[in-house]
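sequence first, predicted coordinates after that:
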Amino acid sequence: AQSVTQLDSQVPVFEEAPVELRCNYSSSVSVYLFWYVQYPNQGLQLLLKYLSGSTLVKGINGFEAEFNKSQTSFHLRKPSVHISDTAEYFCAVSEAWFGNEKLTFGTGTRLTIIP
Amino acid sequence: DTGVSQNPRHKITKRGQNVTFRCDPISEHNRLYWYRQTLGQGPEFLTYFQNEAQLEKSRLLSDRFSAERPKGSFSTLEIQRTEQGDSAMYLCASRDRERTSGANVLTFGAGSRLTVL
């Protein structure tokens, strides 16, 4: 069964500093991986996705993530954060077999940017 | 394309009452999903439709919950005899199959927040 672990529930970062949000997954088969962002009182917005190919994936708002199969990780990074990046970030996994329509989300990491 | 629309955005009800949420997906998307998100947690899968057919239901979806998508367009999620534990954000999402891989890249609505007093 697919599962996701986000070890950091909260991450405070100074403005213009780099940030890494950690995500580890568990699955016995190939997976698709996603990062979503949720701003207060809003739905989820897709930041980036890994389906296949290059393990370094670039997304919106300057975010990128690297798929590491040996470490079963998909950490999210940004070299310089802005106040507007304050939000909840969710990592999600979906096993890559025909007919699987289920996304499994982590518990989220609240990113707080300190001016 | 106006995205995925959910109504109402907020609903406050008393325990024991019935509530219904509506989701209008992106028009060309044939798959529609319902997720539930409780405070401090990530979204959890409830059910999904391909056109009008409900193809999978989570064990989280008790007998008090029913979802429909009668014409393969909008969907409703009804909760009967609400309990305080039903308080959550109910998220709807839709998708069209990725041409290259079949991955489920979802577009989410803003959600319907339910508070049961």
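Now that the structure is in, tell me what you want to look at.

now the strands for chain B?
In chain B, the strands defined using DSSP state E lie at B:5-7, B:10-13, B:19-24, B:31-37, B:44-50, B:53-57, B:65-68, B:75-79, B:88-95, B:107-108, B:112-116.

need the residues of chain A near chain B, please.
Chain A has residues A:4, A:32, A:34, A:36, A:41-46, A:49, A:51-52, A:90, A:92, A:94, A:96, A:98, A:100-108 near chain B, with proximity defined as C-beta under 8 Å from any C-beta of the partner chain. In this view, the C-beta of every residue, glycine as well, is placed from N, C-alpha and C.

B:Thr2: neighbour count?
Using other C-beta atoms under 10 Å in any protein chain shown, B:Thr2 has 7 other residues around it.

wait, which of the strands of chain B is closest to A:Ser28?
Closest of the strands of chain B to A:Ser28 is strand B:44-50, at 19.0 Å (criterion: C-beta to C-beta).

what is that closest one packed up against?
Judged by 3 or more C-beta pairs under 8 Å, 6 or more residues apart in numbering or on different chains; DSSP states H and E, strand B:44-50 is in contact with strand B:31-37, strand B:53-57, strand B:65-68.

how about it: buried residues?
For strand B:44-50, the neighbour count (16 or more other C-beta atoms under 10 Å in any protein chain shown) marks B:44-49 as buried.

wait, which of these is closest to A:Ser84?
B:Glu44 (28.0 Å).

could you find the closest non-adjacent residue to the residue in chain A that chain B sits nearest to?
Residue nearest to chain B within chain A (C-beta to the nearest C-beta): A:Phe105, separated by 3.2 Å. Distances taken as C-beta to C-beta, 6 or more residues apart in numbering or on different chains place B:Gly42 nearest to A:Phe105, at 3.2 Å, with adjacent residues excluded.
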